[in-house]
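Engineer: Have a look; sequence and predicted model below, questions after that.
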Amino acid sequence: MSTEIEAELQTAVEHRRNFAIISHPDAGKTTLTEKLLLYGGAIHEAGAVKARKSQRKATSDWMEMEQQRGISITSTVLQFEYQDCQINLLDTPGHQDFSEDTYRTLAAADNAVMLVDAAKGLETQTRKLFEVCRLRSLPIFTFVNKLDRPGREPLELLDEIEQELGLQTYAVNWPIGIGDRFKGVFDRRSQQIHLFERSAHGSREAKDTVIDLGDPRIEELLEQDLYYQLKEDLELIEGIGPELDLELVHQGKMTPVFFGSAMTNFGVQLFLDAFLNYALKPEGRLSSLGEIPPTYPEFTGFVFKLQANMDPKHRDRVAFVRVCTGKFEKDMTVNHARTGKIVRLSRPQKLFAQDRESIDVAYPGDVIGLNNPGVFAIGDTIYNGKKLEYEGIPCFSPELFAYLRNPNPSKFKQFQKGVTELREEGAVQIMYSVDEAKRDPILAAVGQLQFEVVQFRLQNEYGVETRLEMLPYSVARWVAGGWEALQKVGRLFNTVTVKDNWGRPVLLFKNEWNLQQVESDHPELKLKSSAPVSAGQEPVSL
């Protein structure tokens, strides 16, 4: 039996690819996501993010606030089949205020696609997210977008990636022209030129004329100066550029680079085809029992995201689970590592942004949605067979703090429910005053937009209007050793003590200078900038 299931798992793993897209806001991430879905046959017409009245909404931005503002503020999972492969695309928010959500999503990804605006090159948020990918040694594929607009020279962009990120680059294709004169790309894999024709707003697949490099028709189809420029560029990159080394790619040390325009669909399909060949298949993950290969016959998975009210009609709560090993089957019972409970996994769903459909089986690399009756927390492991736990997901250090007030006592229950569910989801961190008389939760966020989202969703999804009262702190530190360690040092100045969701002590400081003062006055006090990963503890309920 064991060899049979291992063979089935091996086949499933071979046919699966999983990746997250990272970028700075406005680099075109949601547009690229839509176009990948278009070429994957998952949607028939792509909707851009910019609001045009008759245009359909972007599939990946399903939350009302995202559609109003034209930004991605929550991670979504999009699954589709392409060329006999099951692709799990993890779409992440580009806005820096949601980098914690992105970090959690990257914990479930096997590969990352870094999207770069051809005019702006590497931007702040891209660099930050790249560092997260580096921590996890994720293979990084680079898509240089917006070639249909005026931009920087391709060689200059490659040089910037090498210098600033310390990544070797390998151009898989090369652009022909830029801006208004962007005609297509030369694909180094097939040694062919792809000339594209624009479609209306890029909502359908681009028409593509493919010709060999030495074909005499090039003279008719391509302006002479563009053709000569292409030949010159190719000589240069063939001469000085490195060979493609997939081992280095899989170690996150070399990035295959693709040029194109997601808006006009130029180069999107070429990227998808090459990605399937080059990307890392689902691999083993580190657990309390060491590295577990995906072909391990028992089912295991971990929760990397919770989302409330994806379907407002049903007030649902969904846990996003990355299948790590074994075969998931509908209605199976599993062990919940943190609580020791046995949980039945009923109503599993294949996720496609807000749309869901029922599934019966899933394999390593897949992401499934499970109904969450308040059992799961972010970072939880579920398993069958021998007990194991996967590495947890730490919290970021928040920089903004505010009391969340409910001015309407008659809405107390809805307020409690909303705050509890948004806290479980990781939409914002929640802390409490150690003074029992102060019962209002303290919202702790990485960015201002997180506050706005929490207030918007409390009003929209729970019918509760709230007020924020900002607090004058900008730095949070967790106390290693907990309350006992804190009591030993006695009275502290220039800081206030609060407790986090798990009842652990957190010190809030007005600025870095106050933090340094406390650290130099009390060298025995060990402070941590990210929350310890908690296992075996249930977060306190409101």
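Structural biologist: Thanks, I have it.
Engineer: Would you map the helices across the stretch 251-400 of the chain?
Structural biologist: Per DSSP state H, counting those that start in this stretch, the stretch 251-400 of the chain carries helices over the ranges 268-278.
Engineer: Run through the stretch 151-300 of the chain and note the low-pLDDT ranges.
Structural biologist: Low-confidence segments of the stretch 151-300 of the chain (pLDDT under 70): 199-204, 206.
Engineer: A helix includes residue 477, no?
Structural biologist: No. The assignment for residue 477, made by DSSP: H, G, I helix; E, B strand; the rest coil, is strand rather than a helix.
Engineer: Quick check: bridge partners of it?
Structural biologist: residue 507 (DSSP bridges).
Engineer: what about it, how many neighbours?
Structural biologist: For residue 477, the count of nearby residues is 21 (other C-beta atoms under 10 Å). For every residue, glycine as well, the C-beta is placed using N, CA and C.
Engineer: how near is it to residue 528?
Structural biologist: Distance check for residue 477 against residue 528: by C-beta to C-beta, to the nearest Å, it reads 6 Å.
Engineer: try residue 329
Structural biologist: As judged by C-beta to C-beta, residue 329 and residue 528 stand 40 Å apart.
Engineer: Low-confidence ranges, this structure, go.
Structural biologist: Within the chain, the stretches with pLDDT under 70 are 1-2, 42-76, 92-101, 199-204, 206, 308-316, 348-357, 394-396, 426-427, 531-542.
Engineer: Quick check: beta-bridge partners of the nearest residue to residue 318 once chain neighbours are set aside?
Structural biologist: Leaving aside its chain neighbours, residue 318 sits nearest to residue 369 (4.6 Å; criterion: C-beta to C-beta, 6 or more residues apart in numbering). Beta-bridge pairing for residue 369 (DSSP bridges): residue 320, residue 349.
Engineer: So residue 369 sits against residue 323, correct?
Structural biologist: No. Residue 369 is beyond contact range of residue 323, at 11.7 Å (criterion: C-beta atoms under 8 Å).
Engineer: Torsion angles phi and psi at the residue of the chain positioned farthest from its centre?
Structural biologist: Most distant from the centre of the chain: residue 216, at 45.3 Å, with distances by C-alpha atoms, centre = their mean. Dihedral pair for residue 216: phi -60, psi -20, per degrees, to the nearest 10.
Engineer: In the stretch 51-200 of the chain, what residue spans correspond to strands?
Structural biologist: 76-82, 85-91, 111-117, 140-145, 168-171, 173-176, 184-187, 192-197 (DSSP state E, counting those that start in this stretch).
Engineer: Tabulate those strands (TSV), appending distance to residue 10 and mean neighbour count.
Structural biologist: Below are those laid out as TSV (distance: least, C-beta to C-beta, whole Å; neighbours: other C-beta atoms under 10 Å):
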stretch	distance to residue 10	mean neighbour count
strand 76-82	19	21
strand 85-91	14	24
strand 111-117	19	25
strand 140-145	24	26
strand 168-171	29	21
strand 173-176	32	24
strand 184-187	31	24
strand 192-197	34	19
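Engineer: now those as TSV including distance to residue 231?
Structural biologist: Below are these laid out as TSV (distance: least, C-beta to C-beta, whole Å):
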stretch	distance to residue 231
strand 76-82	32
strand 85-91	34
strand 111-117	25
strand 140-145	20
strand 168-171	15
strand 173-176	10
strand 184-187	9
strand 192-197	11
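Engineer: that older thread, show me which of residue 369 and residue 323 is the more surrounded one.
Structural biologist: For residue 369 versus residue 323, the count of surrounding residues by other C-beta under 10 Å is larger for residue 323: 27 against 22.
Engineer: how far away is that one from residue 338?
Structural biologist: 18 Å.
Engineer: ok so, going back, wait, which of the strands of the stretch 51-200 of the chain is closest to residue 375?
Structural biologist: If you check each of the strands of the stretch 51-200 of the chain against residue 375 by C-beta to C-beta, strand 76-82 wins as the nearest, at 19.8 Å.
Engineer: the inter-axis angle of that closest one versus helix 268-278?
Structural biologist: When axes from the mean of the first three to the mean of the last three C-alpha atoms, to 10 degrees is applied, the directions of strand 76-82 and helix 268-278 differ by 90 degrees.
Engineer: name the helices or strands packed onto strand 76-82?
Structural biologist: helix 29-39, strand 85-91, strand 349-352, strand 367-371 (3 or more C-beta pairs under 8 Å, 6 or more residues apart in numbering; DSSP states H and E).
Engineer: and with 10 Å instead?
Structural biologist: Contacts defined by 3 or more C-beta pairs under 10 Å, 6 or more residues apart in numbering; DSSP states H and E place strand 76-82 against strand 16-22, helix 29-39, strand 85-91, helix 268-278, strand 300-308, strand 317-325, strand 349-352, strand 367-371.
Engineer: Okay, angle between the second one and strand 76-82 too, please.
Structural biologist: In terms of direction (the same axes, to 10 degrees), helix 29-39 departs from strand 76-82 by 30 degrees.
Engineer: can you check the third one too?
Structural biologist: Between strand 85-91 and strand 76-82, the angle formed by their directions is 160 degrees, by the same axes, to 10 degrees.
Engineer: centre of the chain versus strand 85-91, how much separation?
Structural biologist: 12 Å (C-alpha atoms, centre = their mean, to the nearest Å).
Engineer: Which neighbours in the sheet does it have, and how are they oriented?
Structural biologist: Assessed with DSSP bridges, strand 85-91 is paired to strand 16-22 (parallel), strand 76-82 (antiparallel).
Engineer: by how many degrees do that strand and strand 111-117 diverge?
Structural biologist: Going by the same axes, to 10 degrees, strand 85-91 makes 50 degrees with strand 111-117.
Engineer: Make 45 the starting number, not 1.
Structural biologist: Let's use 45 as the start, then, which means that last one is strand 129-135.
Engineer: Need the CA coordinates for strand 129-135. PDB is fine.
Structural biologist: What follows is strand 129-135, C-alpha atoms only, in PDB (Å, rounded to 0.1, in the frame of the first residue of the first chain):
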ATOM      1  CA  CYS A 129       0.200  21.100 -14.500                       C
ATOM      2  CA  GLN A 130      -1.900  22.200 -11.500                       C
ATOM      3  CA  ILE A 131      -0.700  25.700 -10.700                       C
ATOM      4  CA  ASN A 132      -1.300  27.300  -7.300                       C
ATOM      5  CA  LEU A 133      -0.800  31.100  -7.600                       C
ATOM      6  CA  LEU A 134      -0.600  32.900  -4.300                       C
ATOM      7  CA  ASP A 135      -1.400  36.600  -5.000                       C
END
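Engineer: Now for residue 302: which residues touch it?
Structural biologist: Neighbouring residues of residue 302 by C-beta atoms under 10 Å, 6 or more residues apart in numbering: 157, 185-189, 215-219, 229, 231, 311-312, 314-316, 318-319.
Engineer: let's go with 8 Å and repeat that
Structural biologist: Counting by C-beta atoms under 8 Å, 6 or more residues apart in numbering, residue 302 touches 185, 186, 187, 188, 216, 217, 311, 314, 315, 318.
Engineer: Count residues in the vicinity of the nearest residue to the fifth one once chain neighbours are set aside, would you?
Structural biologist: It refers to residue 216. Leaving aside its sequence neighbours, residue 216 sits nearest to residue 300 (C-beta to C-beta, 6+ apart; 4.9 Å). Residue 300 is flanked by 23 other residues according to other C-beta under 10 Å.
Engineer: any idea how far residue 350 is from the closest residue in space to residue 351 that isn't next to it in sequence?
Structural biologist: Ranked by C-beta to C-beta, 6+ apart and with sequence neighbours excluded, the top spatial neighbour of residue 351 is residue 362, at 5.0 Å. Separation of residue 362 from residue 350 (C-beta to C-beta) stands at 7 Å.
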